[in-house]
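Participant: Have a look at this prediction, sequence included:
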Amino acid sequence: MSFNKRTLTISVFSLLTVLLIIAVGFVLTREDGFLHGKHLHGVGTSQGGEVHVHGDFRMYIGDERIRFTDAKYQSSTAHAHHVSLHFHDGNDEVIHRHADNVTLVEFFDSIGLKLTNNCVTMDTGTSYCTDGTGTLMLIVNNELRPDIENYIFTEEDRILLYYGDATNPRIKDYVEGVTDLACLYSGTCPERGTPPTEGCGLTCEVADFADTKAWWQFFK
């Protein structure tokens, strides 16, 4: 009889412990909680299983800049387009990457566009393809990257996707207009200030969780 009571006591204690952990986690991560929408910044590389890489980005069709500040392109607590690639907080200047081996093509897919080596297709269905009237160009850090489909951006890459006249003299201005804000998000240029607060909520929480080793992996 005493054995059964002891077993019951241990079971109840274990259950209460689990419930307490769940309750604390809920309080900390709910909308008004301390951890909700807070994104711990990595250093822009893979370290200890965590990946948090940032790239500066702009896109032009001819001389028109294409913007992605609309909520339908932004990941948030309510909707994560891609667990490992996203814009958030209304910022379309910086792309965030939370996993290795995920391409810019995957990012475009996640927000409803299609990207290949020769074409970019907008979410309206309109395609812009390399042909007699225009050329699709991916320019990264001032260098033309012909293999668009396999491109994976690295920390502080400055990325311009351009479609139009390849001899357009304004392309140089568009390349120079790509921001250099990525280092702020990664904390690799502390002399320029503290990293911005990132409020991507569940998107970041899921990405951080996915990049964190489970307890048994530490014994491998």
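Facilitator: Looks like it came in fine.

Participant: how about low-confidence regions in this protein?
Facilitator: Counting by pLDDT under 70, the chain shows low-confidence ranges at 1-14, 18-49, 77-79, 197-220.

Participant: Could you rerun that using 50?
Facilitator: For the chain, residues meeting the criterion pLDDT under 50 lie at 1-2, 26-48, 201-203, 205-220.

Participant: which stretches of it form strands?
Facilitator: With DSSP state E, the ranges of strands along the chain come out as 53-61, 64-65, 74-75, 85-88, 91-97, 114-115, 119-121, 127-129, 135-140, 143-144, 158-164.

Participant: can you list contacts of the third one?
Facilitator: What that stands for is strand 74-75. Contact partners of strand 74-75, identified using Cβ atoms under 8 Å, 6 or more residues apart in numbering, comprise 68, 81-82, 86-90, 92, 200, 203. No exception for glycine: its C-beta is placed from N, CA and C like everyone else's.

Participant: same question, the last one
Facilitator: Residues lying outside strand 158-164 but in contact with it, judged by Cβ under 8 Å, 6+ apart, are 55-63, 95, 104, 115, 120, 128, 134-142, 153, 171, 174-175, 178-180, 182.

Participant: among those, which ones are buried?
Facilitator: Buried by 16 or more other Cβ atoms under 10 Å: 55-61, 95, 104, 115, 120, 128, 134-140, 153, 171, 174-175, 178, 182, out of the contacts of strand 158-164.

Participant: Stretch 89-108: end-to-end distance?
Facilitator: When the termini of stretch 89-108 are compared using Cα to Cα, to the nearest Å, they are 18 Å apart.

Participant: Please consider this matter closed, and thank you.
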